[in-house]
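In: Build me a model from this:
(2 chains)
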Amino acid sequence: MNKFLPFEWIVAVRFLIEGAAQTAMIIVGTSVGVGVIVFMSAMLTAIQGNFLDRILNTQAHIVVYQPDTVSRPLFRNAEFTELAVVQKPAQHISPIDQWQKTLQQVRGMNNIAVAAPVVSGNAQVVQGATAKSLSISGIEPSSYFGIVKVPSLIVSGSAELTTQNVLVGTDFARKMGAVVGDKIRITALSGQQLMLVIGGIFDLGNRGANERTAYVSLRTAQSMMAVKGGVITIEVTVGDPYAAETIAQEIAATTGLTADSWIKTNAQFFTAMTTQKLSFTVINFFIALSVAFGIASVLVVSVVQRSKEIGILRAMGSSQGQILRIFIIQGGIVGLLGSIGGSMLGFLIVFLFGTFTRNADGTALFTITITPLLMLETAAVATLAGLAAAMVPAMNAAKLDPVVAIRG
Amino acid sequence: MVDNTKAEAVLHLENVCKNYNPGTAFEAKVLKDINLTLNKGEFCALIGPSGSGKSTLLNIIGLLDRPTSGKLFLNGEETSVMKDKELTHLRGKSIGFVFQYHHLITAFTAVENVMMPFLIDKGWPDDDMRKRAEALIEQVDLTQWKDNGAANMSGGQQQRVAIARALAMNPALVLADEPTGNLDGKSADVAFDLMRKVNQENGTTFLIVTHNMELAKRTDRIVEVVDGRIV
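Out: The predicted model follows:
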């Protein structure tokens, strides 16, 4: 007998060892369940991380801008009648009032990682017979590169921005036949024309973005969009992307401006992600439930099989609490061992998944990693499930009347 | 709560009655006004036909069941006022059980089964327990088999382990329910002689339920229960 274990543990372990076949089967059953949960959770994290990266690497979490102008209906009074139909005005580009002050205000708020002033607008580039429209962002590199890490996405040239140059995407450059050092003529929608040198070509990882996006210096954009000294949006990243909507609402309330979070602007995507997460959670929950019932059923049988032994233990002076603990411990041990087996199984499935599912070019679809935290979480969940599953059989065991049990 | 007038008595039953399903149409008066005293060192047989209530009486004496009315004193302590938890503790400390079907715990070895009452009491195993268990195993002449799994022993050997286990806590009273009923003649004699020897050497009080008149005649005293009464 192990001197480092108390009575309940000694008996629990011996019972599990004596019923080795039963114990092995339920541990394998638990492992399979836990393995699938581990794999599903890891895959969910990987898929969502992958999607989220793609979306958030190329845009700010929150965009702050001047509210839309609205038409005011005429007042109803003695001389006027209210118009039945109020025509909505066209939205013109309106710079943020006192943007420096607003920027300071936003930077001073909690949970804000980066806030950057941006002048954005559309422009056109005509080169011979090819015309392409560009979505121009005039940026302050020092702050904006904290939102979109353009320097690390540069494939040729550099990310340095002067008033004389422009950064464009790979697809734009390919369609225009342009290389670093070429000059392009950009016509803003305001009619303003500028000749800029391509200083760098970047790859945002998204064809649409690579074809349309262009970065110029803030000052260049200000003159191009005819907003001298002003900025059109303040773009913000936050610590926790999922909190973006709440923070956006705070910003709107504080500044009186409109603040759109990525969650709102990508509502469909976000809903899809939430639904995916929910369905994975539901599946995991039911797997955990079936694992718990598996453990419970084995223990129920074990209590019936061992009722005489329970009776004699009670006759020898075991308390109901001791008997209860003997069976709860068994549930916990099975859950814990199952979770260890399950984590190993999870690694195996991830490995096989990584080996057999590949992109057409042989690269991995995405990297699934099983983190130590995930393993700890699953171990905790499986152990708790085992303990919970053992509750009913353990109470049955504790409530056994020794007289009845011994006579059996 | 020690009652001095019963100080010498290990066990004293006063007007003990047991009714099953009281107050219903199925009410069964199994024990009627049982008065019984067992003194220290007595080696006593409890006999009676099937259905006479002797098993019920044994369960009540063994603190596994409570009487419907009447009082039971164990070593002078009144048990009817005790809570279930206290009864369980008292049972573990003061009473040793030997059953017809040995009821060893098969997941453990012979010596570990004998250690079990100590372990239940203390909560953690220690070397002292093992030594005492080994001494008991020696007393029942099973030293050679002490590390055998309980399931890998003959019926007679298992019953001797059960006797050693019943003696582990040095109980005031050992209750044996048909201890030889499931054994062949030779093993039965060995088991009986063993109990007799323990009784003489340690002064342990025994109450042995049996159908076997031969066996009963070899005890010091025969208590007969007929139809819920001692005759």
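
In: how about the nearest residue to the closest residue to chain B within the stretch 151-300 of chain A, chain neighbours excluded?
Out: Residue nearest to chain B within the stretch 151-300 of chain A: A:L299 (15.3 Å; C-beta to the nearest C-beta). (Glycine included, C-beta is placed from N, CA and C.) Closest residue to A:L299 apart from its sequence neighbours, by C-beta to C-beta, 6 or more residues apart in numbering or on different chains: A:P393 at 3.8 Å.

In: Next: A:E8.
Out: A:R325 (4.2 Å).

In: where does the residue of the stretch 151-300 of chain A closest to chain B land in three-state SS?
Out: Recorded secondary structure, A:L299: helix (DSSP: H, G, I helix; E, B strand; the rest coil).

In: list the contacts for it?
Out: Counting by C-beta atoms under 8 Å, 6 or more residues apart in numbering or on different chains, A:L299 touches A:327, A:330-331, A:389-390, A:393-394.

In: Can I get those in TSV including secondary structure and neighbour count?
Out: Supplementary listing: the contacts of A:L299 in TSV, determined by DSSP: H, G, I helix; E, B strand; the rest coil; neighbours: other C-beta atoms under 10 Å in any protein chain shown:
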residue	secondary structure	neighbour count
A:F327	helix	28
A:Q330	helix	30
A:G331	helix	28
A:A389	helix	28
A:A390	helix	32
A:P393	helix	24
A:A394	helix	23
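
In: closest to B:E201 among those residues?
Out: A:F327 (39.2 Å; C-beta to C-beta).

In: Correct me if wrong: that closest one contacts A:V392.
Out: No. Applying C-beta atoms under 8 Å as the test, A:F327 and A:V392 come out as separate, 9.6 Å apart.

In: Chain B against chain A: which residues are in contact?
Out: Within reach of chain A by C-beta under 8 Å from any C-beta of the partner chain, chain B has these residues: B:55, B:59, B:62, B:64-65, B:84-85, B:88-89, B:91-93, B:97, B:99, B:101, B:103, B:105-108, B:112, B:115-117, B:119-126, B:130, B:165, B:169.

In: B:L72: how many residues sit nearby?
Out: 21 (other C-beta atoms under 10 Å in any protein chain shown).

In: mean confidence score for the strand or helix carrying it?
Out: In this structure, B:L72 sits in strand B:69-74 according to DSSP states H and E. The predicted model assigns strand B:69-74 a mean pLDDT of 92.

In: Tell me the buried residues in that strand?
Out: Across strand B:69-74, burial judged by 16 or more other C-beta atoms under 10 Å in any protein chain shown covers B:70, B:72-74.

In: That strand: partners in the sheet, and parallel or antiparallel?
Out: strand B:9-20 (antiparallel), strand B:77-78 (antiparallel) (DSSP bridges).

In: Report the separation between the residue of the stretch 151-300 of chain A closest to chain B and A:T246.
Out: Counting by C-beta to C-beta, to the nearest Å, the gap from A:L299 to A:T246 is 45 Å.

In: Give the PyMOL command for selecting the buried subset of the residues of chain B next to chain A.
Out: PyMOL command restricting these to the buried ones, with burial defined by 16+ other C-beta under 10 Å:
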select buried, chain B and resi 55+59+62+64+65+88+89+91+92+93+97+99+101+103+105+106+107+108+112+115+116+117+119+120+121+124+125+130+165+169
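
In: quick one: contacts for A:V150?
Out: A:141, A:144, A:159, A:167, A:202, A:215.

In: Reformat these as a markdown table; add pLDDT.
Out: Output for the contacts of A:V150, formatted as a markdown table (pLDDT from 0 to 100):
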| residue | pLDDT |
| --- | --- |
| A:P141 | 93 |
| A:Y144 | 93 |
| A:A159 | 90 |
| A:L167 | 95 |
| A:F202 | 94 |
| A:Y215 | 95 |
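
In: Give me the subset of those residues lying in helices.
Out: Of the positions in the contacts of A:V150, A:141, A:144 sit in helices, assigned by DSSP state H.

In: Between the contacts of A:V150, which sits nearest A:N57?
Out: Of these, the one sitting nearest to A:N57 (C-beta to C-beta) turns out to be A:F202, at 11.5 Å.

In: isn't the closest one right next to A:S156, touching?
Out: No. Between A:F202 and A:S156 there is no contact under C-beta under 8 Å: 9.0 Å.

In: more neighbours, these two?
Out: A:F202 (28 against 14).

In: What residue in chain A comes nearest to chain B?
Out: Closest to chain B within chain A is A:G317: 1.6 Å, counting by C-beta to the nearest C-beta.

In: Can you get me a residue count around that residue?
Out: Counted with other C-beta under 10 Å, A:G317 comes out at 22.

In: and if you look at A:D182?
Out: Neighbours of A:D182 (other C-beta under 10 Å): 14.

In: Assign the nearest residue to it once chain neighbours are set aside to helix, strand or coil.
Out: Once flanking residues are discounted, A:D182 sits nearest to A:I198: 5.1 Å by C-beta to C-beta, 6+ apart. Three-state call for A:I198 (three-state DSSP): strand.

In: Just to check, A:I198 is in contact with A:A178?
Out: Yes. Look at A:I198 against A:A178 with C-beta under 8 Å: they come within range, at 5.7 Å.

In: Tell me who's in contact with whichever residue of chain B sits closest to chain A.
Out: As assessed by C-beta to the nearest C-beta, chain A sits closest to B:G92 within chain B, at 1.6 Å. By C-beta under 8 Å, 6+ apart, the residues touching B:G92 are A:316-318, B:117, B:120-121, B:169.

In: Tell me who's in contact with residue 186.
Out: Since no chain was named, I'll use chain A. Per C-beta under 8 Å, 6+ apart, neighbours of A:I186: A:123-125, A:134, A:136, A:166, A:193-196, A:214, A:224.

In: actually it's chain B I care about, not the one you picked
Out: B:G156.

In: do you know how far it is from B:S154?
Out: 11 Å.

In: circling back to that earlier point, pick the most deeply packed of the strands paired with strand B:69-74.
Out: Ranked by mean neighbour count, the strands paired with strand B:69-74 are led by strand B:9-20 with a mean of 19 (mean count of other C-beta atoms under 10 Å in any protein chain shown).

In: Beta-bridge partners for B:A28, please?
Out: B:Y20.

In: Near it, how many other residues are there?
Out: Counted with other C-beta under 10 Å, B:A28 comes out at 13.

In: pLDDT weak spots in the chain?
Out: You didn't pick a chain, so chain A it is. Chain A contains residues with pLDDT under 70 at A:1, A:73-78, A:80-84, A:359-365, A:408.

In: switch to chain B, that's the one I care about
Out: B:1-7, B:102.

In: for it, what spans make up the helices?
Out: Using DSSP H, helices in chain B cover B:54-61, B:84-94, B:110-122, B:127-139, B:155-167, B:185-202, B:213-217.
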